[in-house]
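Asks: Kindly generate the corresponding structure for this input.
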Amino acid sequence: MQKIDMNSPEFQTEMEKTWRFVEKVNHQFGFVQNPNSEVNEGVVMGLARNRIIYGKRFCPCFMVIGQTPEEQKAADNRICPCKPALEHEIPEDGLCHCGIFCTPQYARSQKMQSEIEEIVHQHSRGLTKDQAVTLLAKAQLDGDELEALLEARRLGMVHFELIDVREHMEYRMGHIVGTDLLMPTSQFYAKIEDIFDKKKIPLILYCHTGSRSYQVQHAMESLGFEQIGNLQHGIISYKGEKQRG
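Replies: Now for the predicted structure:
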């Protein structure tokens, strides 16, 4: 798998082209970008990366299936702006799965909701040990639940490892504080053998929107990993502490 240098002239040029591509799509369909700039930046980076590696702007929130262009075409991988987003996701939900293309109405409502949550969101995440153990057994977790589990882990109530399955550049742009391992989806089959000794340890996976980590979750279950949770809506739904680098 080709490694991409985020600071290389090639990547920076492709980023600029991708931002222009996003503006063109918005203008063509009457979309606007997500009010959360981190969402937009992460998706644009993923699109640029896929364009360099595969020659196409495959949606970065899904695994690219197939080794050759023919196999990739046969697998019907999503190419941005993808058909499911244009025909169903944006008309029905207000935004595409990756979150970068939104209707103006959705963007306004999300901005208002974020402002309200910032003002009124004050509550304790404290769990008892029994509650933490029960929560850790869930297959699909939301951002608040993961934040509570990380707090419980710091207090010694539970033990698990948090794994980021995004790509190196996404990780460097921002990851959840407490992440134990980066295992890029594009290198899954090359990296998975390195963690076979963790098959009995509770693991929690996350990616950008939850799609790649969901796919990895099921792949790992088929390989005998016993307890795997997934951050259902990805890092974009996580309001806890994050860091760059």
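Asks: Tell me where the chain has strands.
Replies: Along the chain, counting by DSSP state E, strands occupy 32-33, 101-102, 140-141, 161-164, 175-176, 181-182, 203-206, 228-231, 242-243.
Asks: closest to residue 76 out of the ones you listed?
Replies: strand 101-102 (19.8 Å; Cβ to Cβ). Bear in mind the C-beta positions are built from the backbone N, C-alpha and C, glycine included.
Asks: who touches that closest one?
Replies: Applying Cβ atoms under 8 Å, 6 or more residues apart in numbering, the external contacts of strand 101-102 come out as 22, 25-26, 29, 31-35, 81, 85, 90, 94-96, 110.
Asks: of these, buried ones?
Replies: Buried members of the contacts of strand 101-102, scored by 16 or more other Cβ atoms under 10 Å, are 22, 25-26, 31-35, 81, 85, 90, 94-96, 110.
Asks: in the protein, what secondary structure element scores lowest on mean pLDDT?
Replies: Sorting the helices and strands of the chain by mean pLDDT, DSSP states H and E puts helix 104-120 at the bottom, at a mean of 74.
Asks: Quick check: beta-bridge partners of residue 242?
Replies: With DSSP bridges as the criterion, residue 242 is bridged to residue 176.
Asks: Might you report the residue contacts of it?
Replies: Contacts of residue 242 (Cβ under 8 Å, 6+ apart): 174-177, 235.
Asks: I'd like the residues you listed as TSV, with neighbour count and distance to residue 160 appended.
Replies: Below are the contacts of residue 242 laid out as TSV (neighbours: other Cβ atoms under 10 Å; distance: Cβ to Cβ, whole Å):
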residue	neighbour count	distance to residue 160
174	15	21
175	20	16
176	21	13
177	10	15
235	27	17
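Asks: Report the buried residues of stretch 172-188.
Replies: For stretch 172-188, the neighbour count (16+ other Cβ under 10 Å) marks 173, 175-176, 178-179, 182-186, 188 as buried.
Asks: Tell me where the model's unsure across this structure.
Replies: In the predicted model of the chain, residues 1-2, 115-126 satisfy pLDDT under 70.
Asks: gap between the two ends of stretch 169-188?
Replies: Using Cα to Cα, to the nearest Å, the end-to-end distance of stretch 169-188 comes to 16 Å.
Asks: same deal with stretch 132-150?
Replies: From start residue to end residue, stretch 132-150 stretches across 10 Å - Cα to Cα.
Asks: For the longest helix out of those in the chain, which helices and strands make contact with it?
Replies: Taking DSSP state H as the criterion, the chain has its longest helix at helix 9-29. Helices and strands touching helix 9-29, by 3 or more Cβ pairs under 8 Å, 6 or more residues apart in numbering; DSSP states H and E, are strand 32-33, helix 37-54, strand 101-102.
Asks: which among the buried ones among the contacts of strand 101-102 gets closest to residue 194?
Replies: Checking the buried ones among the contacts of strand 101-102 against residue 194 with Cβ to Cβ, the nearest one is residue 96 at 33.4 Å.
Asks: Quick check: the closest one touching residue 90?
Replies: Yes - using Cβ atoms under 8 Å, residue 96 is in contact with residue 90, at 5.5 Å.
Asks: Contacts only, for the residue nearest the centre of the chain.
Replies: Among the residues of the chain, the one closest to the centroid is residue 208, at 1.2 Å (Cα atoms, centre = their mean). Applying Cβ under 8 Å, 6+ apart, we find residue 208 in contact with 42-43, 46, 60-61, 98, 166, 170, 234-236.
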